[in-house]
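K.L.:
below: sequence and its predicted model.
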Amino acid sequence: MSDDAVQVRDVVVRYGATTAVDEVSLTVPRGRVLALLGHNGAGKTSLLQVCEGFRPADAGECRVLGLDPIEDHDELMPRLGIMLQSGGIYPWATAGEILRLFASFSANPLDPEMLIDRLGLRKFERTRFRRLSGGEQQRLSLAIALVGRPELVFLDEPTAGMDTEARHTTWQLIEELTDDGVSVLLTTHLLDEAEKLADDVVIMRAGRVAATGTPAELTAAAGIDLLEVRAEAGLQPRSAHFSAEEKTPGEYVITGRLDAAALAEALAWFATAGAQVTAVNSRRRTLEDVYLALTADNKAGVSR
Ligand SMILES: Nc1ncnc2c1ncn2[C@@H]1O[C@H](COP(=O)(O)OP(=O)(O)OP(=O)(O)O)[C@@H](O)[C@H]1O
């Protein structure tokens, strides 16, 4: 049997005529962090729900810690940490009561007081869940996901709505988890979050896998650097060796296999056009550049 934390093979999720997840396969090896990226409605949460055992797949196979997330639900749940996109947890109980209750479900919990302090919840310990702000509810949801010392954590947009400090604490906590061998499958819209935390990235687009690899592989596979050139507006640089786009008036982004000859050719184009170049900057492509290029022209779900 495979020792992977999560194995998803050709999973399909349909809602009526909408195919939200369309034959997606991915693997989360033990002790690694996989980040699922994609635009709103790309199918990330639906796929996560299959892995969490909250909905069956319409086709395909999913194994979590070697088990079936639905048939083996009771055996699996104590080994998982699940952070849902919206809390909805006991609105009348206080933050402290809720976390201590979840800790009591576990045979070997983390110290809830440590999590309350680490996640800046001490001030809100006696505040009822429904009175917490969105970011505070999010921090409590994360604490609940972690308090049972899970082997595998599912985090659906873990830092959405958090302030910068809470976001950094969350990243630190996730890094500490993985140092302890915990596996993580998370969704995020934050490319810097994926770049910082993820060993592997899967980019989804309209229910399908558009790209997969480590952040370094994805940016290197593009094999491209960017050249940013500032000159007068309205030019149309062209060549067989590079592409150019005027991002904002007078700000051109040149992409392609930019070796020395292509760079020289790009700059020569501006000189030949008689354009006055006022700034030139080159940089590596980021995960965000790759993500935007892959998801640019398709925001809708796939209907059949
Ligand atoms: N219960 C449902 N009934 C009908 N359609 C649904 C249901 N849940 C999700 N969908 C549709 O399935 C598609 C995928 O939704 P999903 O929530 O999985 O996307 P997502 O990538 O998690 O989006 P987001 O980033 O906005 O959270 C969307 O088109 C959504 O409208």
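P.N.:
On my side now, so go ahead.
K.L.:
residues making contact with stretch 114-123?
P.N.:
Identification of contacts with stretch 114-123 by CB atoms under 8 Å, 6 or more residues apart in numbering yields 95-96, 99, 125, 136, 139-140, 142-143, 146-147, 165-166, 169-170, 173. C-beta coordinates here come from the backbone N, C-alpha and C atoms, glycine included.
K.L.:
just the buried ones from those?
P.N.:
The neighbour-count test (16 or more other CB atoms under 10 Å) marks 95-96, 99, 136, 139-140, 142-143, 146-147, 166, 169-170, 173 as buried among the contacts of stretch 114-123.
K.L.:
just flag the most distant two among these.
P.N.:
Within the buried ones among the contacts of stretch 114-123, two members stand farthest from each other by CB to CB: G96 and T170, at 19.3 Å.
K.L.:
which of the contacts of stretch 114-123 fall in helices?
P.N.:
Mapping the contacts of stretch 114-123 onto helices (DSSP state H) picks out 95-96, 99, 136, 139-140, 142-143, 146-147, 165-166, 169-170, 173.
K.L.:
confirm A57 sits in a strand?
P.N.:
No. The assignment for A57, made by DSSP: H, G, I helix; E, B strand; the rest coil, is coil rather than a strand.
K.L.:
and the closest residue in space to P249 that isn't next to it in sequence, its phi and psi?
P.N.:
Sequence neighbours aside, A233 is the residue nearest to P249 in space, at 3.8 Å (criterion: CB to CB, 6 or more residues apart in numbering). Main-chain torsions, A233, degrees, to the nearest 10: phi -80, psi 160.
K.L.:
show me how the chain divides into domains.
P.N.:
Listed domain ranges for the chain are 6-219, 224-284 (source: automatic domain parsing).
K.L.:
start and end of the first one, how far apart?
P.N.:
End-to-end distance of domain 6-219: 25 Å, with CA to CA, to the nearest Å as the criterion.
K.L.:
again, but for stretch 281-291
P.N.:
Span of stretch 281-291 from end to end, CA to CA: 21 Å.
K.L.:
equivalent analysis for stretch 105-120, please.
P.N.:
23 Å.
K.L.:
tell me how far that stretch lies from the chain's centre.
P.N.:
Remark: stretch 105-120 is offset 25 Å from the chain centroid, using CA atoms, centre = their mean, to the nearest Å.
K.L.:
pLDDT (mean, whole number) over it?
P.N.:
Mean pLDDT, stretch 105-120: 90.
K.L.:
buried stuff in it?
P.N.:
So for stretch 105-120, counting by 16+ other CB under 10 Å, buried means P109, L110, P112, L115, I116, R118, L119, G120.
K.L.:
quick check, the third one in contact with L101.
P.N.:
Spelled out, that is P112. No. Between P112 and L101 there is no contact under CB atoms under 8 Å: 9.3 Å.
K.L.:
just confirm K247 is within a strand.
P.N.:
Yes. Under three-state DSSP, K247 falls within a strand.
K.L.:
what pairs with L37 across the strands?
P.N.:
When bridges are called by DSSP bridges, L37 pairs up with I203.
K.L.:
that one: neighbour count?
P.N.:
Neighbours of L37 under the rule other CB atoms under 10 Å: 29.
K.L.:
now E288
P.N.:
Using other CB under 10 Å, E288 has 15 other residues around it.
K.L.:
which parts of the stretch 51-200 of the chain are helices?
P.N.:
Applying DSSP state H, counting those that start in this stretch to the stretch 51-200 of the chain gives helices spanning 73-76, 95-104, 112-118, 134-147, 164-179, 191-197.
K.L.:
of those, which is nearest R32?
P.N.:
Proximity to R32 (CB to CB) singles out helix 164-179 among those, at 7.3 Å.
K.L.:
what is the mean pLDDT for the closest one?
P.N.:
Throughout helix 164-179, pLDDT has a mean value of 90.
K.L.:
so what touches that helix?
P.N.:
Residues beyond helix 164-179 that count as contacts (CB under 8 Å, 6+ apart) turn out to be 31-33, 118-120, 135, 138-139, 142, 146, 153, 155, 158-159, 162, 184, 186, 193, 196-197.
K.L.:
how does it look with 7 Å?
P.N.:
The contact list for helix 164-179 (CB atoms under 7 Å, 6 or more residues apart in numbering) reads 31, 33, 118-120, 135, 139, 142, 146, 153, 158-159, 162, 184, 196-197.
K.L.:
helix or strand with the lowest mean pLDDT in this protein?
P.N.:
Sorting the helices and strands of the chain by mean pLDDT, DSSP states H and E puts strand 302-303 at the bottom, at a mean of 34.
K.L.:
what helix or strand is A211 located in?
P.N.:
strand 208-213 (DSSP states H and E).
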